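Colleague: Dropping a prediction and its sequence here:
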Amino acid sequence: MRCPFCNHGELKVIDSRNSPEANAIKRRRECLNCGQRFTTFETVELTLQVLKRDGRYENFQESKLINGLNAASSHTRIGQDQVHAIAANVKSELLGKQNREISTKEIGELVMKYLKKADMIAYIRFACVYRRFKDVGELMEVLLSATPDMEK
């Protein structure tokens, strides 16, 4: 690693802390050349391959997951912190599986599980896009299946 300020290669670690919510280690570093301090995050990088509906594979992109969650939760009570927490939970569950190949269906079902607990409007919005309803009847099935959970 090099200093982002002077590009010098000699650094020392001043402080290290675990960041359990991000499954990362946060390190405070100091450049031995210019004395500038900066923070780095170290995470485990495990590549997941996503099987798309058309049969293609592509690398899992957490940013796509967050964009989908943002679209579903826009103008709801779900804030950015909760969006990122849901994304982290989904990613954690996916990484916990032994298989490094996952389908968009698996991702969608996990997202729906978390959104159903968090906010029913976001859940319904996500379901509309994810499940690609062909008619209002299919949407009504989801609405009716969600209704008992709302009464609890």
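Modeller: Received the coordinates, thanks. Numbering: from 1, shown residues only.

Colleague: which SSE is the residue nearest the centre of the chain in?
Modeller: Geometric centre of the chain, nearest residue: Ala87, 2.3 Å, by Cα atoms, centre = their mean. Ala87 is located in helix 80-96, with elements delineated by DSSP states H and E.

Colleague: buried sites along that helix?
Modeller: Within helix 80-96, the residues that count as buried by 16 or more other Cβ atoms under 10 Å are Gln82, Val83, His84, Ala85, Ile86, Ala87, Ala88, Val90, Lys91, Leu94. No exception for glycine: its C-beta is placed from N, CA and C like everyone else's.

Colleague: What strands flank the helix or strand following it, and is each parallel or antiparallel?
Modeller: Sequence order places strand 101-103 as the next helix or strand after helix 80-96, per DSSP H and E. Using DSSP bridges, the strands paired with strand 101-103 are strand 49-51 (parallel).

Colleague: which residues in the protein form strands?
Modeller: For the chain, the strands defined by DSSP state E cover 11-19, 24-31, 37-43, 49-51, 57-59, 101-103.

Colleague: could I get the ones you listed as TSV with distance to Ile121 and mean pLDDT?
Modeller: Formatted as TSV, the strands of the chain follow (distance: least, Cβ to Cβ, whole Å; pLDDT from 0 to 100):
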stretch	distance to Ile121	mean pLDDT
strand 11-19	31	91
strand 24-31	31	92
strand 37-43	32	90
strand 49-51	26	94
strand 57-59	29	94
strand 101-103	26	93
